[in-house]
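**Q** Sequence first, then the predicted structure:
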Amino acid sequence: MIGQNSGAVGTVTVNAVLLEAGATATGVTVAQTSGATGVLSVINAGTVTLAGGGLLVAVNGGANGTVTVQGAGSDLKTSGTAGITIGQGGNGTLNVSAGGVVNDANALAIGINGGGNG
């Protein structure tokens, strides 16, 4: 988890490396509870591969999460049943620019529940 509880601020940068979460992993959460802030940046041909629980950004109301995939060769991908949810209950942002790529094997969900903004 990146930025789990109120007042927590978490940042992870994947810079020209590979980060994998296998099929049994619970996935990656960016900003879970109210008052939490989380940032995941995939840059400079970095790759994040999620096979288990997928990616949840801004899970609960008041949470603020940002995911950036920037630059040629930078890739965020899911496989199997893993999906990507941006703004499940809080404020989530997905920025994809300058040749970055997002490959979601399941459904890309944006602004899901009441109060969720994506």
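**A** Structure's in. What do you need?
**Q** Can you find the helix or strand in the chain with the smallest mean pLDDT?
**A** strand 18-21 (a mean of 71; mean pLDDT, DSSP states H and E).
**Q** Quick one: distance of that one to the chain centre.
**A** Between the centre of strand 18-21 and the centre of its chain there are 13 Å (Cα atoms, centre = their mean, to the nearest Å).
**Q** Can you list the strands that that strand pairs with?
**A** strand 47-50 (parallel) (DSSP bridges).
**Q** now the strand it pairs with, how far from the centre of its chain.
**A** Taking mean C-alpha positions (Cα atoms, centre = their mean), strand 47-50 and its chain are 10 Å apart.
**Q** Quick one: residues contacting T85.
**A** G54, L55, L56, V57, G92, A109, I110, I112 (Cβ atoms under 8 Å, 6 or more residues apart in numbering). Where you see a C-beta, it was placed from the backbone N, CA and C, and this is true even at glycine.
**Q** ok, so of those residues, who is nearest V69?
**A** L55 (11.0 Å; Cβ to Cβ).
**Q** Chain neighbours aside, what residue packs nearest to the closest one?
**A** I84 (4.6 Å; Cβ to Cβ, 6 or more residues apart in numbering).
**Q** Any stretches of the protein with poor pLDDT?
**A** Applying pLDDT under 70 to the chain flags residues 21-25.
**Q** Thanks a lot, see you next time.
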